[in-house]
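**Q** Build me a model:
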Amino acid sequence: MKTLEKTNPSNESQSLESLVENFWKNDDLVDQLAKTEPTVNIIDKNGVYKIKVSAPGFKKKDFKVAVEDETLIISAATSAEKKEEKENYVRKEFSASSFVRSFRLPDSISLGHIKANYKGGLLNITINKSNLDKKEVKEIKIR
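**A** Coordinates of the predicted model:
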């Protein structure tokens with residue numbers, strides 16, 4: 001029986017030591033340091049996988065959770081813009097944040113019994129174990 005596995009779409013894995021070592025050699029260091037992923041806890045208990053994604057600063061509408069090709073894909077994107085105009089200056093600030101996390105699913109899950117909710121900066125996904133139709137694509141509604 002397969003277990004839930006983390007996948008890394010970029011196949012990049014660097015330690016802090018290698019980043020420091022290559023500081024002066026690496027032109028895209030800022031890009032590498034800016035890559036952030038929310039932390040995830042996965043619990044396998046009583047016939048259910050519980051996935052908890054810590055993602056404060058997002059709204060429920062920012063998330064997309066889907067299953068495709070035996071992979072659970074969790075993504076979110078948000079942006080904000082603020083403009084302040086005064087007599088002598090204009091200040092315009094903006095921010096954007098996004099992430100994608102994916103996990104290979106075992107054969108023993110049921111696509112019809114996946115639930116997700118987002119509250120207080122925490123995305124909770126519950127996946128019941130059963131049989132997976134491997135060809136099916138399903139988007140999960142977040143409550």
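
**Q** Low-confidence ranges, the chain, go.
**A** 1-36, 131-138 (pLDDT under 70).

**Q** got the residue ranges for the helices in it?
**A** With DSSP state H as the criterion, the chain has helices at 16-21, 29-34.

**Q** Let me know whether Phe63 touches Tyr118 as I believe.
**A** Yes. In this structure, Phe63 is within contact of Tyr118 by CB atoms under 8 Å, at 6.2 Å. All C-beta spots, glycine's among them, are computed from the backbone N, C-alpha and C.

**Q** Between the two, which contacts overlap?
**A** Ala55, Ile142 (CB atoms under 8 Å, 6 or more residues apart in numbering).

**Q** ok, Ala80 - contacts?
**A** Phe94, Ser95, Ala96.

**Q** Tell me where this structure has strands.
**A** In the chain, the strands defined using DSSP state E lie at 5-7, 40-45, 48-54, 63-68, 71-85, 90-104, 109-119, 122-129, 138-140.

**Q** residues near Val40, how many?
**A** As a burial measure, Val40 scores 16 neighbours (other CB atoms under 10 Å).

**Q** what sits against it?
**A** Contacts of Val40 (CB under 8 Å, 6+ apart): Lys6, Ile51, Lys52, Val53, Ser54, Arg101.

**Q** Among these, which pair sits farthest apart?
**A** Lys6 and Ser54 (15.1 Å; CB to CB).

**Q** I figured Asn128 was touching Asn46, is that so?
**A** No. Taking CB under 8 Å as the definition, Asn128 is not a contact partner of Asn46, at 10.0 Å.

**Q** And stretch 46-62, what's buried?
**A** Tyr49, Ile51, Val53, Ala55, Phe58, Asp62 (16 or more other CB atoms under 10 Å).

**Q** Take those residues and write them to JSON lines, including distance to Ser75.
**A** Shown next, in JSON lines, are the buried residues of stretch 46-62 (distance: CB to CB, whole Å):
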{"residue": "Tyr49", "distance to Ser75": "19"}
{"residue": "Ile51", "distance to Ser75": "14"}
{"residue": "Val53", "distance to Ser75": "11"}
{"residue": "Ala55", "distance to Ser75": "10"}
{"residue": "Phe58", "distance to Ser75": "11"}
{"residue": "Asp62", "distance to Ser75": "9"}
